[in-house]
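S.K.: okay, predicted coordinates and the sequence, questions at the end:
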Amino acid sequence: MNYPDTIKELIECFSKLPSIGNKTAERLALSTIEMSDEVINLFSESLKNIKTKIKKCDICNNYTEDDICSICNNNKRNKEILCIVENPKDINLIEKNNIYDGYYFVLKNLISPSNGLDSSSIELDRIIDLIKNNKVKEVIIAIKPNIEGETTSLYISKLLEQYDVIVSRIALGIPMGADIDYVDSLTLEMALENRKIISSK
């Protein structure tokens, strides 16, 4: 590329983002040249704040600027339901659709022997603490239905059989192998409402 080094560096930075190819990275980098100083400064400050202010919630692993996220701090939510998701963006998707009023837990990883991730990587002890402390009656597993997701779901449901809790899984309607963040609102709502019990009291 016949660009000054500063532009090349910015293109390289943009290309490190998920789903951003070289052409898109080039277009984004060049468009920033035309941005006002005010927007550039806001962009720069926001990037720095992401690393210095954002942390994981001490209770559920959601993104937060405080020790406890706003959802875990909300006493009006239904403590009897716990939804297990793969990442914080799944929480945002569910919350955006106003179809669930319980609490969440974000898994640190999915079980994946091929990637060296065994059952200890999902922090099941923290899930059990939430079940006991909140007297949870139902655990909803809302993670993608690929091999890792199925393995993780089965492991969680088996381990929770010894507790007085119903374990359910969001219903079919979400395509096999699809990421939950690409599912439309109606499909997600139907999947939650028609969830299937995989383990009961």
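M.R.: Sure thing, it's come through.
S.K.: show me where this protein dips below the pLDDT cut-off.
M.R.: 113-119, 121, 171-180, 184, 186-187, 190, 193-194, 196, 199-201 (pLDDT under 70).
S.K.: all strands of it, in order?
M.R.: 55-56, 63-64, 78-85, 102-106, 138-142, 166-169, 196-199 (DSSP state E).
S.K.: break this protein down into its structural domains.
M.R.: 5-53, 63-199 (automatic domain parsing).
S.K.: one step back: need the strands of the chain in JSON lines with distance to residue 95 and mean neighbour count, can you?
M.R.: For the C-beta atoms, the positions are set from N, CA and C on the backbone; glycine is no exception. Converted to JSON lines, the strands of the chain look like this (distance: least, CB to CB, whole Å; neighbours: other CB atoms under 10 Å):
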{"stretch": "strand 55-56", "distance to residue 95": "17", "mean neighbour count": "14"}
{"stretch": "strand 63-64", "distance to residue 95": "12", "mean neighbour count": "18"}
{"stretch": "strand 78-85", "distance to residue 95": "10", "mean neighbour count": "19"}
{"stretch": "strand 102-106", "distance to residue 95": "9", "mean neighbour count": "23"}
{"stretch": "strand 138-142", "distance to residue 95": "12", "mean neighbour count": "23"}
{"stretch": "strand 166-169", "distance to residue 95": "19", "mean neighbour count": "21"}
{"stretch": "strand 196-199", "distance to residue 95": "23", "mean neighbour count": "14"}
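S.K.: deepest-packed of the domains of the chain, please.
M.R.: Stretch with highest mean neighbour count among those: domain 63-199 (a mean of 17; mean count of other CB atoms under 10 Å).
S.K.: residue boundaries of the helices in the protein?
M.R.: Assigned by DSSP state H, the helices in the chain fall at 5-15, 22-33, 37-53, 88-96, 124-134, 147-159, 185-193.
S.K.: looking at the strands of the chain, which is closest to residue 2?
M.R.: Residue 2 sits nearest to strand 63-64 of all the strands of the chain, at 39.5 Å, using CB to CB.
S.K.: which strands and helices sit next to the closest one?
M.R.: Here strand 63-64 touches strand 55-56, going by 3 or more CB pairs under 8 Å, 6 or more residues apart in numbering; DSSP states H and E.
S.K.: from the contact counts, what lies against the strand it packs on?
M.R.: Packing partners of strand 55-56 (3+ CB pairs under 8 Å, 6+ apart): strand 63-64.
S.K.: nearest to residue 33, of the strands of the chain?
M.R.: For residue 33, the closest of these is strand 63-64, at 30.6 Å, according to CB to CB.
S.K.: still on that earlier bit, I'd like the helices of the chain written out as a markdown table, with distance to residue 167 added.
M.R.: Shown next, in a markdown table, are these (distance: least, CB to CB, whole Å):
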| stretch | distance to residue 167 |
| --- | --- |
| helix 5-15 | 41 |
| helix 22-33 | 41 |
| helix 37-53 | 35 |
| helix 88-96 | 18 |
| helix 124-134 | 10 |
| helix 147-159 | 5 |
| helix 185-193 | 15 |
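S.K.: looking at the ones you listed, which is nearest to residue 169?
M.R.: helix 147-159 (6.0 Å).
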